[in-house]
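Asker: Model the structure of this input:
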Amino acid sequence: MPPWTYHQRGTAVDSDTSSIVLPRELRPDSHPATKPSRAEAETAVRTLLRWAGDDPDREGLIGTPDRVVRAYEEFFSGYDQDPEEILHRTFEETDGYDEMVLLRDIRLESHCEHHVVPIIGKAHVAYLPAKRVVGISKLARVVEVYARRLQIQEKLTAQIANAINDVLQPKGVAVVIEAAHQCMTTRGVHKPGVTMVTSRMLGAFRDDPATRREFMALIHNQHGGGLSNV
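Answerer: Numbers count the residues shown, from 1 in each chain. Sure thing, here's the model as predicted:
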């Protein structure tokens, strides 16, 4: 006798225990087969507006569901892009350049995955080339792609560093992010002016104190010493 049999509605019943076993597509740990439609997304926004206590049909809110969905398309466009693909176009004609490449003060806008509120700050990205270098705009784009997803800052920092390290295979990678989280500045503990700093050091930046100091000194010169102990 099979361990389970299907009933007419598509659920499976364990014949030994009589407990209901949901089909795979209905189980809580399964991902939806298709992305919700734009109409479904707008309906969800209307529901939230009603839950907040307002009327989504009043004049000022009629266009809000459409605007929110279009804003989400921009905020979370990183899910539709491959950051590693961005890094694949590299250059080998460097005349032997093997010193640090640093792009600092990259504007960063992300959203906290816990409360879906903004994370605003800047990233500093450096690497030590082995054989290849990449266009500096690609470093900024990698930051942007990962930032335009629901994030926590620690994971965002690691993702940026790991992608650069995996694709370019340099001698080392360093990433520092400074950001303010509105989940704690506009709600909860309400502590404005607080900045979170995270770092990820790989290769020479982790193993060689002199390389790490050089990287931090370059940021230190820009910021007046605020990051010297990161």
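Asker: buried ones in stretch 195-206?
Answerer: Thr198, Ser199, Arg200, Met201, Leu202, Gly203, Ala204, Phe205 (16 or more other Cβ atoms under 10 Å). Placement of C-beta: from N, CA and C, glycine included.
Asker: JSON lines please, covering those and showing secondary structure.
Answerer: Output for the buried residues of stretch 195-206, formatted as JSON lines (DSSP: H, G, I helix; E, B strand; the rest coil):
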{"residue": "Thr198", "secondary structure": "strand"}
{"residue": "Ser199", "secondary structure": "strand"}
{"residue": "Arg200", "secondary structure": "strand"}
{"residue": "Met201", "secondary structure": "strand"}
{"residue": "Leu202", "secondary structure": "strand"}
{"residue": "Gly203", "secondary structure": "strand"}
{"residue": "Ala204", "secondary structure": "helix"}
{"residue": "Phe205", "secondary structure": "helix"}
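Asker: Which of these sits closest to Lys191?
Answerer: Nearest to Lys191 among these is Thr198, at 17.6 Å by Cβ to Cβ.
Asker: doesn't Val176 make contact with that closest one?
Answerer: Yes - taking contacts as Cβ atoms under 8 Å, Thr198 lies within contact range of Val176: 7.2 Å.
Asker: contacting residues for Leu202?
Answerer: Contact analysis of Leu202 by Cβ atoms under 8 Å, 6 or more residues apart in numbering lists Ala161, Asn162, Asn165, Gly172, Val173, Ala174.
Asker: any common contacting residues for Thr198 and Val176?
Answerer: By Cβ under 8 Å, 6+ apart, the residues touching both Thr198 and Val176 are Thr157.
Asker: Let's verify Gly96: helix, strand, or coil?
Answerer: coil.
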